[in-house]
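> test case, fold it:
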Amino acid sequence: MNREEKKELIAELSGLFGSTTTCIVTHYKGMTVAEVEKLRREMRAAGASFRVTKNRITRLALEGTSFEGIAPLFVGPTAIATSVDPVAAAKVCVEYAKKNDKLVILGGSMQGKLLDTQAIDALAKLPSLDELRGKLLGMINTPATRIAGVLQAPAGQLARVFNAYATKDEAA
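Now for the predicted structure:
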């Protein structure tokens, strides 16, 4: 990798750190290519990304970003999980680490605040942004559905009364 490629990679990573809210640092030592690809697919499905990085280049890219505090974590075979949704990357990392002990979560940062492994576990237990939106819409729709049901009930009862009179006259 020549100097120009390194500068481009640093600029790309700096842009990534500037556009994301959460970054989780992991060790992936011993994982096969198939396992890493499976983790990447799960990350993409959740709206996050997983990327193996070079430590020196990543530390340079972290300079001047809100994630600068996680630079000491970049020792050994590291990879980063990033997402705009504060919960997505943490949720997938924690779930995958439970199934595969080769993925070790070292720490991370969310919007400039450092996270240890316990904080990442707690973050992973929170509902995602999409789940919260779904619950909110459900709460908003429920009263509207009940109002519509109440408004339609008298009309339905009236129709049943008219139907009963019509069938009574036909029977007589």
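> any weak-confidence spans in this structure?
Within the chain, the set of residues satisfying pLDDT under 70 comprises 141-159, 161-162, 169-172.
> all the strands of it, residue numbers only.
Taking DSSP state E, the strands of the chain run over residues 22-27, 48-52, 78-83, 104-110, 113-115.
> adding distance to I70, write the ones you listed out as TSV.
For glycine as for every other residue, the C-beta is placed from the backbone atoms N, C-alpha and C. Output for the strands of the chain, formatted as TSV (distance: least, CB to CB, whole Å):
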stretch	distance to I70
strand 22-27	6
strand 48-52	14
strand 78-83	9
strand 104-110	5
strand 113-115	7
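> in a markdown table, list the ones you listed along with mean neighbour count and distance to K125.
Compiled in a markdown table, the strands of the chain are given as follows (neighbours: other CB atoms under 10 Å; distance: least, CB to CB, whole Å):
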| stretch | mean neighbour count | distance to K125 |
| --- | --- | --- |
| strand 22-27 | 25 | 15 |
| strand 48-52 | 18 | 16 |
| strand 78-83 | 23 | 16 |
| strand 104-110 | 21 | 14 |
| strand 113-115 | 15 | 13 |
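> just the helices in this structure please.
In the chain, the segments counted as helices under DSSP state H are 3-19, 33-46, 55-62, 88-99, 117-125, 129-171.
> for T78, find the nearest of those helices.
Proximity of the helices of the chain to T78 was assessed by CB to CB; the nearest stretch is helix 55-62, lying at 6.0 Å.
> packing partners for that closest one?
In terms of contacts (3 or more CB pairs under 8 Å, 6 or more residues apart in numbering; DSSP states H and E), helix 55-62 is packed against helix 3-19, strand 78-83.
> let's have those in a markdown table, adding distance to M31.
Output for the helices and strands packed on helix 55-62, formatted as a markdown table (distance: least, CB to CB, whole Å):
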| stretch | distance to M31 |
| --- | --- |
| helix 3-19 | 21 |
| strand 78-83 | 9 |
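> deepest-packed of the ones you listed, please.
Mean neighbour count (mean count of other CB atoms under 10 Å) peaks for strand 78-83 among the helices and strands packed on helix 55-62, with a mean of 23.
> for that strand, packing partners?
The contact analysis (3+ CB pairs under 8 Å, 6+ apart) places strand 78-83 against strand 22-27, helix 33-46, strand 48-52, helix 55-62, helix 88-99.
> highest average neighbour count across the ones you listed?
Ranked by mean neighbour count, those are led by strand 22-27 with a mean of 25 (mean count of other CB under 10 Å).
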